[in-house]
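>>> Sequence first, then the predicted structure, then my questions.
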Amino acid sequence: MRILGLSGHFHDAAAALVIDGKLVAAAQEERFSRVKHDAATPFRAAAFCLRQAGLAPADLDAVTWHEKPLLKFERILFTSLGSFPRGAGAFRRAMVSMVGDKLWVRNQLVKGLGVDPGKVLFSAHHASHAAAAFGCSPWDDVAVLCVDGVGEWATTSMWTAAPGKLTPIHELHFPHSLGLLYSVFTAFLGFTVNEGEYKVMGLAAFGQPRYREQMERVFRRQADGSFELAMEHFCFHYDPDRSWTGAFEALFGAPRLPGGPLEERHKDIAASVQALTEELLLDLARELHRRTGKSKLCLAGGVALNAVSVGRILREGPFDDVFVMPAAGDAGSAVGAALLAHGTCRDTLCHPAWGEDIDVAAARRFFDDGGVSYRDCGEDGIASEVAERLARGQVVGWMQGRFELGPRALGQRSILCDPRQPEAKDRLNARIKFRESFRPFAPSVLAEAAAEFFEVPAAGSWSRRFMTSTVPARDDRVPAALHVDRSARVQEVHAAEQPLYAELLRRFGERSGVACVVNTSFNLAGEPIVSTPADGYATFLRSGMDALAVGPLLVARETPP
């Protein structure tokens with residue numbers, strides 16, 4: 001069977017193609033439109049997936065959407081009526097959006113793709129998440145925990161999964177949502193929702209959880225691991241422009257204006273909501289284990305990308321091992337929708353590279369036509385050349401093979417530098433990425449060398465393939481790759497899946513004594529990760545990188561930016 005899974009209309013639209021139970025291609029719409037977190041119906045990503053497999057839309061057996069629009073419309077309608085007249089403004093805005101395009105998904109797909117209406121299917125939002133988490137995992141018998149903002153009604157759900165069988169156990173409904181709670185604090189701290197949650201997690205390490213008592217007043221925990229929001233503190237369900245009330249500000253003070261100074265209070269609030277999130281996820285994991293007795297846990301939903309929380313579940317939770325779908329948010333639900341339509345099949349995700357490949361011949365033409373000076377180092381020489389430059393303290397853009405699925409750069413579209421230089425963090429934030437100074441960076445390390453630098457337990461190796469959990473550092477040999485609390489969101493690189501990247505790490509290790517590099521996503525603040533050589537070169541020119549490697553081709557900056 002040939003099944004195209006699609007997600008979109010809220011954030012991080014994506015497409016994924018599954019053929020006979022195997023993932024063939026997957027990509028986010030933003031990588032083609034160049035609009036970060038693009039929510040539009042992912043026709044460009046779908047076209048890529050079909051092109052990758054040499055298929056036409058008529059060759060598909062099914063096109064499946066990652067959620068059920070009518071159920072989502074029901075939730076919006078009931079919520080608006082329940083909060084009338086306060087929710088009148090939110091209702092009008094939602095109706096314009098839903099009736100305009102989000103409700104009539106089948107018609108859009110029929111017209112945009114040219115498929116038969118009978119081939120268009122719909123799966124529940126959390127079922128898509130759960131199918132992605134299980135279907136990409138290495139295990140056949142698991143418990144699954146999905147935690148996000150909201151799907152149709154569900155905000156948290158528990159499942160068991162085995163090949164051909166996805167069984168729901170329990171779910172929590174809107175408006176009681178851990179994902180929405182974290183987003184409220186993201187906005188309150190002056191960051192953009194669905195973008196700034198990573199910033200809150202990073203900022204938390206600079207503060208102390210001094211607002212725990214106030215947190216307990218806006219969030220009520222239950223003995224079974226479930227929770228409720230104290231809704232007198234929130235108005236996201238009826239106010240289209242604001243998500244907290246005066247009662248919320250009475251507890252936490254005035255909100256930080258976007259771009260305003262960061263006070264100690266803001267850091268402490270971030271630390272408090274992060275600590276609460278970690279504890280709530282641990283409670284949910286323990287309850288899921290109590291209900292199922294399973295030894296393996298799969299996580300999905302946007303909250304599963306909270307790597308610090310995943311690290312605690314691995315260290316303190318009841319499961320023997322944990323897998324996090326690397327595109328745990330809505331982008332990954334396109335994969336889940338396709339796998340679910342195929343009968344909840346499983347195809348272990350061993351590597352991150354499911355997007356469009358680098359066309360080296362096209363890259364040569366692009367550089368030649370633009371008069372760009374470059375050197376062809378050959379496939380055998382590019383790793384050695386880049387390793388030498390990194391060892392000399394240079395920052396290098398690295399574009400190799402097919403681009404990654406999900407929000408993390410994992411050695412396909414990365415910016416790399418030497419982790420031994422403490423000052424590298426400031427340079428990367430200020431001159432390369434143009435972003436906040438408190439933002440941390442992550443290390444890529446040869447899998448066989450990871451234990452030399454980091455306290456990596458036997459459990460969690462699958463999560464560490466995709467930078468989805470944090471671990472403590474053993475010492476300070478790679479300071480640029482560590483956060484202020486000496487933790488790191490590690491990517492363990494396996495030569496069997498990423499041979500060129502592993503070779504680069506090996507060559508760098510020979511020169512430096514550390515088979516580890518700082519790896520950050522190849523993009524500037526506010527932009528998607530680069531996809532094509534043209535994207536990469538344009539970003540290179542606007543940043544302070546020293547060199548750019550596109551396949552075997554190396555472009556070096558002749559003069560400092």
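Structure's in. What do you need? Nothing here was measured: the structure is a model prediction, and the numbers come from that model. Residues are numbered from 1 along each chain as shown.
>>> ok, which stretches of the stretch 101-250 of the chain are helices?
Read by DSSP state H, counting those that start in this stretch, the stretch 101-250 of the chain holds these helices, from start to end of the chain: 105-113, 125-135, 178-188, 197-204, 212-218, 246-252.
>>> any idea which of the ones you listed is most buried?
The densest packing among the helices of the stretch 101-250 of the chain, expressed as mean neighbour count by mean count of other C-beta atoms under 10 Å, is seen in helix 125-135 with a mean of 31. Quick note: C-beta positions are derived from backbone N, CA and C, even for glycine.
>>> Quick one: list the elements packing against that helix.
Helix 125-135 is packed against strand 142-147, strand 154-162, strand 165-173, strand 296-300, helix 330-341, with contacts defined by 3 or more C-beta pairs under 8 Å, 6 or more residues apart in numbering; DSSP states H and E.
>>> Now mean pLDDT too, for these, in TSV please.
Output for those, formatted as TSV (pLDDT from 0 to 100):
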stretch	mean pLDDT
strand 142-147	98
strand 154-162	97
strand 165-173	97
strand 296-300	98
helix 330-341	97
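>>> Distance to Tyr182 and mean neighbour count for those - can I get that in TSV?
Written out in TSV, the entries for the helices and strands packed on helix 125-135 read as follows (distance: least, C-beta to C-beta, whole Å; neighbours: other C-beta atoms under 10 Å):
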stretch	distance to Tyr182	mean neighbour count
strand 142-147	10	28
strand 154-162	11	24
strand 165-173	15	16
strand 296-300	15	29
helix 330-341	16	32
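>>> got JSON lines for the helices of the stretch 101-250 of the chain, with distance to Gln274 and mean pLDDT too?
Shown next, in JSON lines, are the helices of the stretch 101-250 of the chain (distance: least, C-beta to C-beta, whole Å; pLDDT from 0 to 100):
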{"stretch": "helix 105-113", "distance to Gln274": "35", "mean pLDDT": "95"}
{"stretch": "helix 125-135", "distance to Gln274": "22", "mean pLDDT": "97"}
{"stretch": "helix 178-188", "distance to Gln274": "9", "mean pLDDT": "97"}
{"stretch": "helix 197-204", "distance to Gln274": "4", "mean pLDDT": "96"}
{"stretch": "helix 212-218", "distance to Gln274": "10", "mean pLDDT": "96"}
{"stretch": "helix 246-252", "distance to Gln274": "14", "mean pLDDT": "98"}
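>>> thought Pro472 was touching His483?
No: between Pro472 and His483 no contact is recorded; they are 10.2 Å apart, counting by C-beta atoms under 8 Å.
>>> gap between the residue positioned nearest the centre of the chain and Lys165?
Centre of the chain computed as the mean C-alpha position; nearest residue by C-alpha atoms, centre = their mean is Pro407, 3.7 Å away. Taking C-beta to C-beta, to the nearest Å as the criterion, Pro407 is separated from Lys165 by 30 Å.
>>> just Pro209 next, same as before
Pro209 sits 40 Å away from Lys165, going by C-beta to C-beta.
>>> Equivalent analysis for Phe522, please.
Counting by C-beta to C-beta, the gap from Phe522 to Lys165 is 40 Å.
>>> Ala275 is nearest to which of the helices and strands packed on helix 125-135?
Ala275 lies closest, by C-beta to C-beta, to one member of the helices and strands packed on helix 125-135: strand 142-147, at 16.2 Å.
>>> what does the closest one rub up against?
For strand 142-147, contacts defined as C-beta atoms under 8 Å, 6 or more residues apart in numbering pick out 126, 129-130, 133-134, 154-162, 166, 178-179, 281, 284-285, 288-289, 292, 294, 296-304, 319, 323.
>>> What is the burial count for Gly54?
Gly54 sits with 7 neighbouring residues when counted by other C-beta atoms under 10 Å.
>>> Next: Ser437.
9.
>>> Distance from the longest helix anywhere in the chain to the middle of the chain?
With DSSP state H setting the assignment, residue counts place helix 264-292 as the longest helix in the chain. Its chain's C-alpha centre and that of helix 264-292 lie 19 Å apart, by C-alpha atoms, centre = their mean, to the nearest Å.
>>> And stretch 409-418, by the same measure?
The offset between the C-alpha centroid of stretch 409-418 and the centroid of the whole chain comes to 16 Å, using C-alpha atoms, centre = their mean.
>>> Now the terminal residues of it, how far apart.
End-to-end distance of stretch 409-418 (C-alpha to C-alpha, to the nearest Å): 17 Å.
>>> Under a three-state scheme, what state does Gly371 occupy?
coil (DSSP: H, G, I helix; E, B strand; the rest coil).
>>> The helices and strands packed on helix 125-135: which one's closest to Val120?
helix 330-341 (10.7 Å).
>>> circling back to that earlier point, these two touch, right, the residue nearest to the centre of the chain and Leu305?
Yes: Pro407 is within contact range of Leu305, at 6.9 Å (criterion: C-beta under 8 Å).
>>> so what sits against both of these two?
By the contact definition C-beta under 8 Å, 6+ apart, Pro407 and Leu305 are jointly contacted by Gly329.
>>> Show me what Val445 bridges to in the sheet.
Glu492, Cys516 (DSSP bridges).
>>> so who does it touch?
With contacts defined as C-beta under 8 Å, 6+ apart, Val445 is in contact with Phe453, Phe454, Val490, Gln491, Glu492, Val493, Leu505, Ala515, Cys516, Val517.
>>> Ala14 too?
Residues touching Ala14, when contacts are defined by C-beta under 8 Å, 6+ apart, comprise 6-8, 26-29, 42, 45, 327, 330-335, 405.
>>> coming back round to it: which SS class is the residue nearest to the centre of the chain?
Assigned state for Pro407: coil (three-state reduction, three-state DSSP).
>>> measure it to Arg435 for me?
In this structure, Pro407 and Arg435 are 15 Å apart, going by C-beta to C-beta.
>>> what about the stretch 451-561 of the chain, any weak spots by pLDDT?
By pLDDT under 70, the weakly predicted segments of the stretch 451-561 of the chain are 559-561.
>>> So which residues of it form helices?
In the stretch 451-561 of the chain, the helices defined using DSSP H, counting those that start in this stretch lie at 461-464, 499-512, 533-541.
>>> So for His173, which of those sits nearest?
Closest to His173 of the helices of the stretch 451-561 of the chain is helix 461-464 (C-beta to C-beta; 28.2 Å).
>>> which other helices and strands contact that closest one?
So helix 461-464, by 3+ C-beta pairs under 8 Å, 6+ apart, packs with strand 321-324, strand 491-493.
>>> could you redo the last one with a cut-off of 6 Å?
Applying 3 or more C-beta pairs under 6 Å, 6 or more residues apart in numbering; DSSP states H and E, one finds that helix 461-464 contacts strand 321-324.
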